[in-house]
Every structure is written in C-alpha cells, then in structure tokens.
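**Q** no FASTA, just this:
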C-alpha cells in the first residue's frame, strides 16, 4: 500500500477537525468530496484512453471491462461513503435491473455462479411444500454447459439429466425434452448459449405441460430478446420462474465480481432473500431493525418465545451479498446496457458477414428463429472434410494475438469432476449419445464481440479468420 504519511499531517488534522464544528466540518468534507471526484474522473479519462493498436502485435482480448469516468466517480464516491456491505447503491441497482429485465424482483449476489446456486437452492426450500426439489429428483440440463449451471443440481442431491444441443443454434435440442422426462423430473435449468436465446416457447410449453420449474441461466445473454408466439417481445431472464445474471468483467455489464437472481414470484423472492442472507427469517434491510414489528414477540420453531427475530433462521443459507462499492459501478454500467447490447450485435454482424463465404468451412452459430441475441461471442464450428481442424484455426488466431475460447466445458460428462458421479447409482443420466455436444467440444471455438473492440481490431480479426479459413 502507498504510504501517505508524507502527505498528511495526521496530528494537525486530529487537532483541527473537532474544532471546526459540525457545520464547518460538513462543508469542508463536501468541498473535498467534489475535488476528489473531479480528480477521479480526470484520472479515469486518462486511464481509459485507448492505446495504439498494432495488428498482430497488440493483444486482442475476447472480452474485458468497458468503463469510463462515470464508473470511477461512482466507485470513489461509494468508497467515501464507506458503506462496505450492500446498501443504498445495491438497492438502486436491484430496482433498475428488475425494470430492465422486466420482472418484479432482483436480488444481487456476489457472482453469476452464486446466482445459479441461489436460484436452485430456492427451489429446494421447505416453503414450497410438495413442489420443492428433494434429493433424487431429476433436473433437465445441457451437457454443453458452463459447469456452475449444473453444479447446484449435483450439490443439492438432485440428478442432472443431460441432453444434446442443436448444431445451428448451439442451444438445447428441444426435440429431446420428452425423451428426458421421467416421473421424477422436477425442473429444467438451462442457459441461453453465448447470448443466443433457446426456444423459449417450446421450453415453457414443455414445463407448463408437466408442471416443472424453469430456471433460466441468463448469464451470457443480458439484453437478448425473445418474441413469443403471441407477437409480443420480452427480454430473456423474464420467462423462467427464476433467472440469473453474471456481472464478471467479461459479461454484458460488470461490477467486478457480481451477479443477480430475478423472479416475479413473491414467494420465490422471499425464499431467495432468506437463503442469500445467511438463511435468516428476518427481512430487515441492512442497518435496520424490527421492520415486521414483532422482533421480540414471536414463537418460531423450538426457540424460546420472543427470541430475537434477527437471529432466527428458516433455511440453511449463505452470505452471498454484493458490496455497495460493486453496486456503485453497476449503476453506471446498467445505464450503458442498451449501447453495450447494440455494439455486441453490430460486432457479431460484422464478423459473421466477413465469414459468410466460408460457412462451408466454419459454420457460425445461428440466431434462434424469433430471437434477437445480445451476443456474448461469435462461435464457429470447423466443418469436416475441409483440411482444417479446430486446433489449427486456434493456433492461427492466437499467433495473431487474437484470444480464443472453447465452448466452456465442452461436454461436462467428459470433465474430471464427473468421474465421481459415474460411480454413483444415480449420479446423472444422459439422453442419447450427445453427438452434437461431442462435435462442438472437438471442433468449435469462439472469439469476442464485446463493446471494447475498435474497427481496426474487428478488421484484423476478420482478415485473420478469412486467411486461415481460405487456406492462405
């Protein structure tokens, strides 16, 4: 840490501060705050000035933070408030995100993975009665998933039933849903792959027909749009009983670490809040007490009558809250979401058009009919019989300083973490042989389309891809 002792006369300040009086002290603090925030804004403008880009020499990331002086000023302002847990900024961000997604409730958490954990844990609550998920129940999921979409299913003792993906949309193959169903099926928990919405109408219809919960992992798709069969349109994240977001720096907006759970069901919101906040029964906001008016006059469980409601626990919970410093960054980011989404779509369209002549060599992921994706990346699958393979394409891109990524875990069943599950009688179940998932694991890669990419960077990506796919 930088030593500030040379710039601060602490003893003099300690003597002067009490003598100022409250009014003068507040005025001086207000003046200093203005100066500090102005300097922070100037610093951020200098810090975020784009460096000179040299094609093939300057690293070109697949994703990254996109911010300016507004995020920096918000962050420094929150640090001056020194409210270190979730507070004013967090509550504001929850309201704005709920409004953006189109739901009634948003609960901020410390990561997208925690959001998935909290969403699934909510469905295991005793408060849901016969509809709760219990160990041994089955949940339909994708083998081509990010691990923490499936991990909560395993961690809560349920059985993931893994299905294949469609080769064009790289989303769930909805024709396999009926084949995945059993008398023990209780839920579907799947993601919109790389921002491309799955067939929401088909999945929701299946869930309604069989009285199943739907958890919509929206971590890679914030801002994506689905147009239901009735002609309306709505953002993804508003269709599931519960949905989730991630605000990791690579995602559509960032708070650093961070995520959210969304729902329009007040009971699910109440359960999720309890589990997020240590499992407590109390729902007072941080820093408040006795919102219910019955803090010391309840009988709960086998506790003594009048036991403090702030210390009664109705769930085995966690502490998954975000901090106000992170939320302050998010408040600036959420205002930019429409521009971020537009940039992602434009960047994906530019690269997709550049690759159009080579689709027989590398098939680009296609938008699901009825959707307007907020793309997380541009995924391509190298086609057989072309003399190319995925590794050679990756080598050419990485050699040109262009970062690449695989489709997350590829096929989860082939990951080391699934080895233990294979030894269990009811560890997991697979529908079919997962041929498209395996092919995607072998032959697919993706590159970034995030808003921080400049025109010269996009052109360098397009030229490099055209050269390697064209055999030059």
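**A** In hand now; what should we look at? For clarity, every value in this text was computed on a predicted model and none was experimentally measured.
**Q** okay, helices next: where are they in the chain?
**A** Remark: helices assigned in the chain by DSSP state H are 10-47, 69-81, 88-101, 112-122, 147-155, 177-180, 200-210, 266-276, 324-355, 390-399, 419-422, 435-443, 455-469.
**Q** ok, which of the ones you listed comes nearest residue 312?
**A** Comparison of the helices of the chain against residue 312 by Cβ to Cβ identifies helix 266-276 as nearest, at 10.5 Å. Just so you know, the C-beta spots here come from the backbone N, C-alpha and C atoms, and that holds for glycine as well.
**Q** quick one: mean pLDDT for that closest one?
**A** Mean per-residue pLDDT for helix 266-276: 97.
**Q** which other residues reach it?
**A** Contact with helix 266-276 is made by 104-105, 107, 109, 118-119, 121-123, 125, 127-128, 241-242, 261, 263, 280-281, 283, 314-315, 317-321, as judged by Cβ atoms under 8 Å, 6 or more residues apart in numbering.
**Q** tell me where the stretch 151-300 of the chain is predicted with low confidence.
**A** In the predicted model, the stretch 151-300 of the chain carries pLDDT under 70 at residues 286-287.
**Q** got the domain ranges for the chain?
**A** Domain ranges of the chain: 80-326, 337-469, per automatic domain parsing.
**Q** got TSV for those, with distance to residue 34 and mean neighbour count too?
**A** Output for the domains of the chain, formatted as TSV (distance: least, Cβ to Cβ, whole Å; neighbours: other Cβ atoms under 10 Å):
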stretch	distance to residue 34	mean neighbour count
domain 80-326	11	20
domain 337-469	28	18
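**Q** dump the ones you listed into CSV; add distance to residue 70 as well.
**A** Shown next, in CSV, are these (distance: least, Cβ to Cβ, whole Å):
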stretch, distance to residue 70
domain 80-326, 12
domain 337-469, 12
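**Q** distance of the residue nearest the centre of the chain relative to residue 330?
**A** In the chain, the centroid-proximal residue (Cα atoms, centre = their mean) is residue 246; its distance is 1.7 Å. Distance of residue 246 to residue 330, computed by Cβ to Cβ, to the nearest Å: 12 Å.
**Q** what do these two both touch?
**A** Residues touching both residue 246 and residue 330 (Cβ under 8 Å, 6+ apart): residue 258.
**Q** pull up the gap between residue 316 and residue 156, please.
**A** Separation of residue 316 from residue 156 (Cβ to Cβ) stands at 11 Å.
**Q** and what of residue 242?
**A** From residue 242 across to residue 156, the span is 14 Å (Cβ to Cβ).
**Q** likewise for residue 448?
**A** Residue 448 sits 34 Å away from residue 156, going by Cβ to Cβ.
**Q** cool, residue 196 as well?
**A** 28 Å.
**Q** same thing with residue 256?
**A** Taking Cβ to Cβ, one finds residue 256 at 28 Å from residue 156.
**Q** so which of the domains of the chain comes closest to residue 9?
**A** domain 80-326 (20.4 Å).
**Q** on that earlier part again, need the helices of the chain in CSV (columns: distance to residue 374).
**A** Output for the helices of the chain, formatted as CSV (distance: least, Cβ to Cβ, whole Å):
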stretch, distance to residue 374
helix 10-47, 26
helix 69-81, 20
helix 88-101, 12
helix 112-122, 15
helix 147-155, 18
helix 177-180, 25
helix 200-210, 14
helix 266-276, 24
helix 324-355, 5
helix 390-399, 23
helix 419-422, 33
helix 435-443, 21
helix 455-469, 17
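**Q** wait, which of those is closest to residue 163?
**A** Closest approach to residue 163 among the helices of the chain (Cβ to Cβ): helix 177-180, 5.3 Å.
**Q** residue contacts, the nearest residue to residue 296 once chain neighbours are set aside?
**A** Once flanking residues are discounted, residue 296 sits nearest to residue 306: 4.8 Å by Cβ to Cβ, 6 or more residues apart in numbering. Residues in contact with residue 306, defined by Cβ under 8 Å, 6+ apart, are 296-298.
**Q** cool, residue 401 as well?
**A** Contact analysis of residue 401 by Cβ under 8 Å, 6+ apart lists 56-60.
**Q** do you know how far it is from residue 62?
**A** Separation of residue 401 from residue 62 (Cβ to Cβ): 12 Å.
**Q** likewise for residue 173?
**A** In this structure, residue 173 and residue 62 are 26 Å apart, going by Cβ to Cβ.
**Q** kindly report the same for residue 392.
**A** The value you get for residue 392 to residue 62, if Cβ to Cβ is used, is 19 Å.
**Q** cool, residue 304 as well?
**A** Using Cβ to Cβ, residue 304 is found at 57 Å from residue 62.
**Q** do residue 102 as well
**A** According to Cβ to Cβ, residue 102 and residue 62 sit 29 Å apart.
**Q** likewise residue 389?
**A** Distance, residue 389 to residue 62, by Cβ to Cβ: 20 Å.
**Q** give me the distance between the residue nearest to residue 313 when sequence neighbours are not counted and residue 310.
**A** Sequence neighbours aside, residue 279 is the residue nearest to residue 313 in space, at 4.6 Å (criterion: Cβ to Cβ, 6+ apart). Separation of residue 279 from residue 310 (Cβ to Cβ) stands at 13 Å.
**Q** next: residue 430.
**A** From residue 430 to residue 310 the distance is 46 Å (Cβ to Cβ).
**Q** also residue 347?
**A** Residue 347 is 49 Å from residue 310, where distance means Cβ to Cβ.
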